[in-house]
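**Student:** Everything below, folded, please.
(2 chains)
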Amino acid sequence: MVLATALAACGGDPATTEGTASGGGGDTIKVGLLHSLSGTMAISEVTVRDAELLAIEEINKAGGVLGKQLEPVVEDGASDWPTFAEKATKLIAQDKVATVFGGWTSASRKAMLPVFEQRKALLWYPVQYEGLESSPYIFYTGATTNQQIIPGLDYLKEQGKKKLFLVGSDYVFPRTANKIIKAYAAANGMEILGEEYTPLGHTEYSTLTNKVVQAKPDAVFNTLNGDSNVAFFKQLKSAGVTAESMPVLSVSVAEEEVTGIGVDNIVGHPVAWNYYQTTETPANAKFVEAFKAKYGAAKVTSDPMEAGYNAVYLWAEAVKKAGSVEVEAVKKAAGGIALERPEGLVTIDGETQHMYKTARIGIIQPDGLIKEVWNSGEPIKPDPYLKTYPWAGGLAS
Amino acid sequence: MTAVLEKPTQKLAPKEPRQWKGAAVFVAVAVVALVVMPLVLEPFRLGLLAKYLCYAIVALGIGLAWGQGGMLTLGQGVFFGLGGYAMGMYLKLNDAGGDLPDFMVWSGVEELPALWAPFGNPVFALAMVVVVPLVVAVALGTLVFRQRVRGAYFAILTQALAAALVILLIGQQGLTGGTNGLTNFFDFFGNDVAAESTQRGLYLTVAIVLGVLYLGAWQLVRSRFGRLLLAVRDGEDRVRFLGYNPATVKTITFAISAVMAGIAGALFVPVVGIISPALLGVVPSLELVVAVAVGGRFALAGAVLGAVVMGYAKTYFSEELPDAWLYLQGALFILVMTLAPKGIVGVAAALRDRVRKEASA
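**Tutor:** Residues are numbered from 1 along each chain as shown, chains lettered A, B, ... in the order given. Predicted structure coming up:
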């Protein structure tokens, strides 16, 4: 009988959990925030959640959306992909949220994708990723490959770096990114001297560093994620590698990660993103100030945080334009929306549901911030399947 | 933890009236599970319950191997995963309809690997759900039990197996989907896998499978073989002197628990919609052992109860306190283990004995 009562308790109270369709009823609009608050990804994802909460607070202060206040419902993805799928289902089916802002790793996005497609709900995914995807129920507010990785490669080519070594974590983003890098290299007369993967969370890099040093590349393209970067950059430094002798271009190291790695270990190395804390726009001055005021002066802002912060504003703008939180109406209204954001002008491409974004290459400074040394001049049209790059033919098939 | 590892003093065979009561409780629980739950629970909650019941099937196997047989297996995730991947491979191939599954395309695989080809056949895939865990468990059991590997050494070995399988799966992205695992399923034997009716049918299937396996395990424990298994647990050498081969008894039991985990994994995939290395590594394997300990490992019902309670606790705590739920889950385990080393079922039995004593006094 204990079993029976325990099972009965699973039901909760339907009267209190029942919401109205699409979170539109009542005085508030519910929105879901689904990031890892525990586990290996928590260190990165908590900051994105914080940035999204800031955006919600600001929008509410300015009167909300359609005259209603936004009510965040926070869930923990626990750095575990099946949990992301379960919590996404909960937010959609039980809380009846109007939209969800969430995810970081591509694995978490791939796990959530069927949930959003099957239930015709909307996900805003705020992190740069490997492209080759365009779900009708996801808006991608981070960069796709032609807004980050390809500009990064263009930068290395411009610097005269002809021989590259590829280092990455063993999951879908680094593997797909490296496939694209190899195709680019073949078309641009660059040579790939080696390609190495380590499991997520790996921290032993002496063998790998030896391989890299012995291969004598002009530069390293780094797609390691998370804690591994700490061990990798420490090992490189102790092997005598400097940013001058062998620059390591990273695409998953931002301001937040620099602190963890230790500035001394990574100073002078280049990174590729669309936003830095130092990016000079009026919107960014406001964003940085507001973030520090809410969470502490020592906090930094980074690209994925900014992309998450933008996602909330872009969704709110689409809802205003649509006059409704209904998913299909919001999707239809979203195309063409252009907002001045901290990274500059961001426009939603209605066809791919990706953003026009300005690519920026930066160098890590001794104070831990990143100084921009190159940018694409104007926002780049998103091309997740790299259709406009002849050398990329066959990658997406 | 020492309390958990302590050898129990086994009670004698249950008397006849208790069996009647046991049957009544079983029928009551079955009615609640099969009739009441689908009526009162929202589809999303029913789906979660189906997930807990999948874990309960694994827990039942752990209860058999560990509670009855004394084999502390910390790697049931391996068999869960083998069953789950067999099912996932069939579903992926079925959805792809002759093309390559999606993850192979973005992993740069150009033609279907030979390992995958036969899994397009549903009969073969379903057979593999049982056969692969069975073969692995028999092979492992034969090797280690004959060498008289037991106790902590056996536990460590099973745990290492779980860790090794995770590394293997992650490293072979083109073949296994890597850390992502297999997801994005559409069709389940002609039904839309996400549809409410399919999910309700799956829930009932899981509940019935659990019920049938539970009855089977219960019969096994009551049989001569069950007596022998208890004897092996409490005095392996004495059993050997009596002329039985403890290695055979243990291998058979371990294989049964592995097959249960495999079946649970196969059911889990359409219920939850994903199978990934994160579900079958060391941590999830340990979580299930913890659940069995919380429920009470010396009774099969305790194992099932523990899995459902811990599954529900995880959902409840993580929804109520997304920032601190892990601490609460840990606290629940510590609390139960320190106050009630025989788990929830042990507390219930102690209460019943006290009531009976007072009644007879």
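**Student:** you'd agree B:Ala56 is up against B:Val304?
**Tutor:** Yes: under the criterion of C-beta atoms under 8 Å, B:Ala56 lies in contact with B:Val304, with a separation of 4.5 Å. From N, CA and C alone the C-beta is placed, and that goes for glycine too.
**Student:** list residues touching both of these two?
**Tutor:** Shared contacts of B:Ala56 and B:Val304, defined by C-beta atoms under 8 Å, 6 or more residues apart in numbering or on different chains, comprise B:Leu210.
**Student:** In the stretch 151-300 of chain A, what residue lies closest to chain B?
**Tutor:** With distances taken as C-beta to the nearest C-beta, the stretch 151-300 of chain A approaches chain B most closely at A:Tyr171, which sits 4.4 Å away.
**Student:** Just give me the neighbour total for that residue.
**Tutor:** 23 (other C-beta atoms under 10 Å in any protein chain shown).
**Student:** can you pull the contacts of it?
**Tutor:** A:Thr105, A:Ser106, A:Ala107, A:Leu200, A:Asn225, B:Ile170, B:Gln173, B:Gly178, B:Thr179, B:Asn180.
**Student:** For the first one, what are phi and psi?
**Tutor:** In this entry, A:Thr105 is assigned phi and psi values of phi -70, psi 150 (degrees, to the nearest 10).
**Student:** Kindly confirm my reading that A:Val74 forms part of a helix.
**Tutor:** No: assessed with DSSP: H, G, I helix; E, B strand; the rest coil, A:Val74 is strand; it does not lie in a helix.
**Student:** Hmm, it is touching B:Trp325, no?
**Tutor:** No: counting by C-beta under 8 Å, B:Trp325 is not a contact partner of A:Val74; they are 11.7 Å apart.
**Student:** Those two: who's more crowded?
**Tutor:** For A:Val74 against B:Trp325, the residue with the higher neighbour count under other C-beta under 10 Å is B:Trp325, and the figures read 21 against 18.
**Student:** OK, contacts around the residue nearest in space to the middle of chain B?
**Tutor:** Nearest to the centroid of the C-alpha atoms of chain B, with distances taken as C-alpha atoms, centre = their mean, sits B:Val58, at 0.7 Å. The contact partners of B:Val58, by C-beta under 8 Å, 6+ apart, come to B:Gln76, B:Phe80, B:Met260, B:Ala261, B:Ala264, B:Gly265, B:Leu288, B:Ala307.
**Student:** Take those and lay them out in CSV including secondary structure.
**Tutor:** Output for these, formatted as CSV (three-state DSSP):
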residue, secondary structure
B:Gln76, helix
B:Phe80, helix
B:Met260, helix
B:Ala261, helix
B:Ala264, helix
B:Gly265, helix
B:Leu288, helix
B:Ala307, helix
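**Student:** From those residues, list the buried ones, please.
**Tutor:** B:Gln76, B:Phe80, B:Met260, B:Ala261, B:Ala264, B:Gly265, B:Leu288, B:Ala307 (16 or more other C-beta atoms under 10 Å in any protein chain shown).
**Student:** Please render the residues you listed as a markdown table that adds distance to A:Val115 to the earlier fields.
**Tutor:** Rendered in a markdown table, the data for those read as follows (distance: C-beta to C-beta, whole Å):
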| residue | distance to A:Val115 |
| --- | --- |
| B:Gln76 | 27 |
| B:Phe80 | 22 |
| B:Met260 | 28 |
| B:Ala261 | 26 |
| B:Ala264 | 22 |
| B:Gly265 | 20 |
| B:Leu288 | 25 |
| B:Ala307 | 24 |
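**Student:** Would you point out the most distant pair within these?
**Tutor:** Greatest spatial distance in the buried ones among the contacts of B:Val58: B:Gly265 and B:Ala307, 14.0 Å, computed using C-beta to C-beta.
**Student:** of the contacts of B:Val58, closest to chain A?
**Tutor:** Minimum separation from chain A among the contacts of B:Val58 (C-beta to the nearest C-beta) is found for B:Ala307, which lies at 10.6 Å.
**Student:** so that closest one makes contact with B:Ala56?
**Tutor:** Yes: with contact taken as C-beta under 8 Å, B:Ala307 and B:Ala56 are classed as touching, separated by 4.0 Å.
**Student:** circling back to that earlier point, give me the nearest residue to the residue of the stretch 151-300 of chain A closest to chain B, chain neighbours excluded.
**Tutor:** With C-beta to C-beta, 6 or more residues apart in numbering or on different chains as the measure, B:Thr179 is the residue that lies nearest to A:Tyr171, at 4.4 Å, once sequence neighbours are left out.
**Student:** from what I can see that neighbour touches A:Pro174, true?
**Tutor:** No: contact criterion C-beta under 8 Å: B:Thr179 and A:Pro174 do not qualify, at 10.9 Å.
**Student:** So which of these two has more stuff around it?
**Tutor:** A:Pro174 (27 against 24).
**Student:** Assumed the more buried one was part of a helix.
**Tutor:** Yes: counting by three-state DSSP, A:Pro174 is found in a helix.
**Student:** so where does the residue lying closest to it once chain neighbours are set aside fall, helix or strand?
**Tutor:** Using C-beta to C-beta, 6+ apart and skipping the chain neighbours, the partner closest in space to A:Pro174 is A:Gly168 (2.8 Å). Here A:Gly168 sits within strand A:163-169, counting by DSSP states H and E.
**Student:** Tell me the buried residues in that strand?
**Tutor:** Burial within strand A:163-169, assessed by neighbour count using 16+ other C-beta under 10 Å, is assigned to A:Leu164, A:Phe165, A:Leu166, A:Val167, A:Gly168, A:Ser169.
**Student:** On the C-terminal side of the helix or strand bottoming out on mean pLDDT in chain B, identify the next helix or strand.
**Tutor:** Of all the helices and strands that make up chain B, helix B:2-5 has the lowest average by mean pLDDT, DSSP states H and E, namely a mean of 43. Where DSSP H and E defines the elements, the next helix or strand beyond helix B:2-5 is helix B:16-31.
**Student:** Now pLDDT too, for the buried residues of strand A:163-169, in CSV please.
**Tutor:** Supplementary listing: the buried residues of strand A:163-169 in CSV, determined by pLDDT from 0 to 100:
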residue, pLDDT
A:Leu164, 97
A:Phe165, 98
A:Leu166, 97
A:Val167, 97
A:Gly168, 94
A:Ser169, 90
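**Student:** if we take those residues, which one ends up nearest to B:Ser360?
**Tutor:** If you rank the buried residues of strand A:163-169 by distance to B:Ser360 using C-beta to C-beta, A:Ser169 comes first, at 65.7 Å.
**Student:** Hmm, A:Gly226 and the closest one touching each other?
**Tutor:** Yes: checked against C-beta under 8 Å, the pair A:Ser169 and A:Gly226 is within contact range at 7.3 Å.
**Student:** joint contacts of those two?
**Tutor:** Shared between the contact lists of A:Ser169 and A:Gly226 (criterion: C-beta under 8 Å, 6+ apart) are residues A:Leu200.
**Student:** B:Leu115 falls within a strand, correct?
**Tutor:** No: the secondary structure assignment for B:Leu115 gives coil rather than a strand, going by three-state DSSP.
**Student:** Mind checking what secondary structure A:Leu193 has?
**Tutor:** Look at A:Leu193: counting by three-state DSSP, its state is strand.
**Student:** now it: how far from A:Lys163?
**Tutor:** Applying C-beta to C-beta, to the nearest Å, one obtains 5 Å for the distance of A:Leu193 from A:Lys163.
**Student:** And A:Ser44, by the same measure?
**Tutor:** 31 Å.
**Student:** ok, which stretches of the stretch 151-300 of chain B are strands?
**Tutor:** Read by DSSP state E, counting those that start in this stretch, the stretch 151-300 of chain B holds these strands, from start to end of the chain: B:182-183, B:187-188, B:191-192, B:274-275.
**Student:** Distance to A:Pro151, mean neighbour count and mean pLDDT for these - can I get that in CSV?
**Tutor:** Written out in CSV, the entries for these read as follows (distance: least, C-beta to C-beta, whole Å; neighbours: other C-beta atoms under 10 Å in any protein chain shown; pLDDT from 0 to 100):
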stretch, distance to A:Pro151, mean neighbour count, mean pLDDT
strand B:182-183, 31, 24, 95
strand B:187-188, 41, 18, 94
strand B:191-192, 42, 14, 94
strand B:274-275, 34, 29, 96
